[in-house]
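In: Give me the fold of what follows.
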Amino acid sequence: MAGFPSTKKGNKIGEKAKRPHPGVPLDKTVLLELIEKHSGNLSRVADAIGSHRHVIRRRCDNDKDLGEALENARERRIDELERSCWDDAIENSDTALRCFLLKTQAKHRGYDQDEAKNAAKDIATAAFDFIISKQAKP
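Out: Residues are numbered from 1 along each chain as shown. Below you'll find the model as predicted:
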(Lines give C-alpha, C1' and ligand atoms only; values in the text may rest on other atoms or scores of the structure.)
Protein backbone atom coordinates (compact mmCIF):
# COMPACT_ATOMS: atom_id res chain seq x y z
CA MET A 1 0.00 0.00 0.00
CA ALA A 2 1.24 3.44 -0.82
CA GLY A 3 2.55 5.50 2.08
CA PHE A 4 3.08 2.57 4.45
CA PRO A 5 6.48 1.10 5.29
CA SER A 6 7.23 -2.16 3.52
CA THR A 7 7.03 -5.33 5.55
CA LYS A 8 10.35 -6.67 4.29
CA LYS A 9 12.82 -7.75 6.97
CA GLY A 10 14.56 -4.68 8.39
CA ASN A 11 11.67 -2.35 7.61
CA LYS A 12 9.07 -3.47 10.12
CA ILE A 13 7.62 -0.84 12.38
CA GLY A 14 9.21 -1.08 15.84
CA GLU A 15 12.01 -3.39 14.71
CA LYS A 16 15.33 -2.70 16.41
CA ALA A 17 17.86 -0.69 14.42
CA LYS A 18 20.46 -3.34 15.18
CA ARG A 19 19.82 -7.03 15.67
CA PRO A 20 20.95 -8.73 18.88
CA HIS A 21 24.16 -10.70 18.79
CA PRO A 22 23.63 -13.74 21.06
CA GLY A 23 26.69 -14.84 22.99
CA VAL A 24 28.57 -11.56 22.51
CA PRO A 25 29.59 -10.32 25.97
CA LEU A 26 28.38 -6.88 26.99
CA ASP A 27 31.32 -4.74 28.07
CA LYS A 28 30.64 -3.05 31.41
CA THR A 29 32.44 0.20 30.48
CA VAL A 30 30.42 0.48 27.27
CA LEU A 31 27.21 -0.05 29.23
CA LEU A 32 28.21 2.60 31.79
CA GLU A 33 28.87 5.12 29.01
CA LEU A 34 25.61 4.34 27.23
CA ILE A 35 23.56 4.51 30.42
CA GLU A 36 24.90 8.00 31.04
CA LYS A 37 24.54 9.06 27.40
CA HIS A 38 20.91 7.93 27.23
CA SER A 39 19.97 9.22 30.71
CA GLY A 40 19.11 5.76 31.99
CA ASN A 41 16.74 4.87 29.14
CA LEU A 42 17.38 1.13 28.87
CA SER A 43 15.55 0.74 25.56
CA ARG A 44 17.91 3.23 23.91
CA VAL A 45 20.94 1.57 25.51
CA ALA A 46 19.78 -1.81 24.20
CA ASP A 47 19.15 -0.42 20.71
CA ALA A 48 22.61 1.16 20.64
CA ILE A 49 24.36 -2.17 21.22
CA GLY A 50 21.89 -4.40 19.41
CA SER A 51 20.50 -6.12 22.47
CA HIS A 52 17.16 -6.39 24.21
CA ARG A 53 15.99 -4.11 27.01
CA HIS A 54 15.39 -6.99 29.42
CA VAL A 55 19.00 -8.19 28.97
CA ILE A 56 20.31 -4.75 29.97
CA ARG A 57 17.84 -4.57 32.88
CA ARG A 58 18.97 -7.97 34.19
CA ARG A 59 22.63 -6.96 33.86
CA CYS A 60 21.96 -3.74 35.83
CA ASP A 61 20.10 -5.69 38.51
CA ASN A 62 23.00 -8.12 38.91
CA ASP A 63 25.85 -5.58 38.84
CA LYS A 64 26.10 -3.03 41.66
CA ASP A 65 28.03 -0.44 39.59
CA LEU A 66 25.62 -0.63 36.67
CA GLY A 67 22.62 -0.42 39.00
CA GLU A 68 24.03 2.68 40.69
CA ALA A 69 24.87 4.26 37.34
CA LEU A 70 21.31 3.63 36.15
CA GLU A 71 19.80 5.15 39.29
CA ASN A 72 22.14 8.17 39.15
CA ALA A 73 21.42 8.80 35.46
CA ARG A 74 17.68 8.71 36.08
CA GLU A 75 17.96 11.00 39.11
CA ARG A 76 19.97 13.54 37.07
CA ARG A 77 17.29 13.43 34.37
CA ILE A 78 14.59 14.10 36.97
CA ASP A 79 16.66 17.00 38.35
CA GLU A 80 16.89 18.49 34.83
CA LEU A 81 13.14 18.09 34.36
CA GLU A 82 12.39 19.73 37.71
CA ARG A 83 14.65 22.67 36.85
CA SER A 84 12.97 23.03 33.47
CA CYS A 85 9.51 23.01 35.08
CA TRP A 86 10.54 25.62 37.65
CA ASP A 87 11.95 27.85 34.90
CA ASP A 88 8.80 27.47 32.77
CA ALA A 89 6.53 28.20 35.73
CA ILE A 90 8.39 31.40 36.52
CA GLU A 91 9.16 32.68 33.02
CA ASN A 92 5.81 31.83 31.41
CA SER A 93 3.59 32.67 34.40
CA ASP A 94 1.96 29.25 34.09
CA THR A 95 -0.45 29.28 37.05
CA ALA A 96 -1.41 25.61 36.78
CA LEU A 97 2.24 24.55 36.70
CA ARG A 98 3.02 26.83 39.63
CA CYS A 99 0.22 25.29 41.69
CA PHE A 100 1.31 21.78 40.76
CA LEU A 101 4.91 22.45 41.77
CA LEU A 102 3.88 24.03 45.05
CA LYS A 103 1.53 21.14 45.87
CA THR A 104 4.16 18.51 45.09
CA GLN A 105 7.38 20.23 46.17
CA ALA A 106 6.28 22.58 48.97
CA LYS A 107 4.09 20.36 51.13
CA HIS A 108 6.28 21.20 54.12
CA ARG A 109 5.17 24.84 53.74
CA GLY A 110 1.47 24.04 53.83
CA TYR A 111 0.75 23.41 50.15
CA ASP A 112 -0.87 20.04 49.66
CA GLN A 113 -3.41 18.24 47.52
CA ASP A 114 -6.37 18.96 49.83
CA GLU A 115 -8.58 21.09 47.57
CA ALA A 116 -10.51 22.63 50.47
CA LYS A 117 -7.32 23.98 52.02
CA ASN A 118 -5.85 25.17 48.75
CA ALA A 119 -8.93 26.88 47.25
CA ALA A 120 -7.95 30.24 48.75
CA LYS A 121 -4.36 29.83 47.56
CA ASP A 122 -5.55 29.04 44.02
CA ILE A 123 -7.85 32.08 43.97
CA ALA A 124 -5.08 34.32 45.30
CA THR A 125 -2.63 32.99 42.70
CA ALA A 126 -5.12 33.55 39.88
CA ALA A 127 -5.86 37.07 41.12
CA PHE A 128 -2.15 37.85 41.39
CA ASP A 129 -1.54 36.60 37.83
CA PHE A 130 -4.48 38.69 36.58
CA ILE A 131 -3.13 41.84 38.25
CA ILE A 132 0.38 41.24 36.91
CA SER A 133 -0.91 40.67 33.37
CA LYS A 134 -2.95 43.90 33.51
CA GLN A 135 0.08 45.86 34.73
CA ALA A 136 2.22 44.40 31.95
CA LYS A 137 -0.32 45.56 29.32
CA PRO A 138 -1.28 49.15 30.24
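In: Check the offset of the longest helix seen in the chain from the chain's centre.
Out: For the chain, the helix with the greatest residue count under DSSP state H is helix 64-91. Going by CA atoms, centre = their mean, to the nearest Å, the spacing between the C-alpha centre of helix 64-91 and its chain's C-alpha centre is 7 Å.
In: cool, stretch 38-52 as well?
Out: Averaging C-alpha positions (CA atoms, centre = their mean) puts stretch 38-52 15 Å from its chain's average.
In: Start and end of it, how far apart?
Out: Stretch 38-52 has an end-to-end distance of 15 Å (CA to CA, to the nearest Å).
In: which element follows the longest helix of the chain toward the C-terminus?
Out: In the C-terminal direction, the helix or strand that comes right after helix 64-91 (DSSP states H and E) is helix 95-105.
In: name the helices or strands packed onto that following helix?
Out: Applying 3 or more CB pairs under 8 Å, 6 or more residues apart in numbering; DSSP states H and E, one finds that helix 95-105 contacts helix 64-91, helix 115-136. (C-beta placed from N, C-alpha, C; glycine too.)
In: which of those is buried the deepest?
Out: Ranked by mean neighbour count under mean count of other CB atoms under 10 Å, the helices and strands packed on helix 95-105 are led by helix 64-91, which reaches a mean of 14.
In: where does this structure dip in pLDDT?
Out: Regions of the chain meeting the criterion pLDDT under 70 cover residues 1-25, 112-118, 135-138.
In: tell me the domain ranges of it?
Out: 13-80, 93-138 (automatic domain parsing).
In: can you list the ones you listed in CSV and add distance to residue 86?
Out: As requested, the domains of the chain are arranged in CSV below (distance: least, CB to CB, whole Å):
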stretch, distance to residue 86
domain 13-80, 11
domain 93-138, 7
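In: Against residue 107, how distant is residue 87?
Out: 21 Å (CB to CB, to the nearest Å).
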